[in-house]
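Q: how does the following fold in three dimensions:
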Amino acid sequence: MTLLAIDGPAGAGKTTLAAKLEAQFAAHSTVRVIHMDDLYDGWDGALGDALSQTLERLSSAHLAGVECTIKIFNWHLMKFDREEVITPTDYLILEGVGAAQAVVRAAGATTYWLDIDTETGLKRVLARDGSHLSLIHI
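A: Numbering: from 1, shown residues only. Purely as a prediction, here's the structure:
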């Protein structure tokens, strides 16, 4: 069982790398990608203790080869509205801001940090999410 975490700022290419790794691994193994956006508790509680606890449960379950149930956040309703059972796979890829937290690194994850200059990152985010950014309350 291999645990990978892809972290870095918005627009750095984390999702793209996760998709490429998923395609490569899926050719010969089972693989699951979990996007951090599904685990955040909205904007205010995104990187709090609850997320760390979820990541610790996911990491431990994956390495033990057992199922783990996680809550999935609905960004339109701004609340967790469903659960998903994560079954054991050969590779588990955690992708998104905060994926490589200390609890994940302590579980022995291979971590990737993608960096990008602020201007390029912002341009990518606006190109990707620009029409939805008005939903953000700053």
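Q: would you indicate which residues of the lengthiest helix in the chain are buried?
A: Longest helix in the chain by number of residues, with DSSP state H as the criterion: helix 49-64. Residues of helix 49-64 classed as buried by neighbour count (16 or more other CB atoms under 10 Å): 51, 54, 55, 56, 58, 59, 61, 62, 63. C-beta coordinates here come from the backbone N, C-alpha and C atoms, glycine included.
Q: and the helices in this protein?
A: Using DSSP H, helices in the chain cover 14-26, 49-64, 102-106, 118-129.
Q: out of those helices, which gets nearest to residue 88?
A: helix 49-64 (6.8 Å; CB to CB).
Q: who touches the closest one?
A: Applying CB atoms under 8 Å, 6 or more residues apart in numbering, the contact partners of helix 49-64 are 1, 3, 34, 36, 39-41, 45, 67-68, 70-71, 86, 88-89, 92, 94, 98-99, 101-104, 107-109.
Q: distance to residue 75 for the helices of the chain - can I get that in JSON lines?
A: Listed next are the helices of the chain as JSON lines, based on distance: least, CB to CB, whole Å:
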{"stretch": "helix 14-26", "distance to residue 75": "15"}
{"stretch": "helix 49-64", "distance to residue 75": "15"}
{"stretch": "helix 102-106", "distance to residue 75": "23"}
{"stretch": "helix 118-129", "distance to residue 75": "11"}
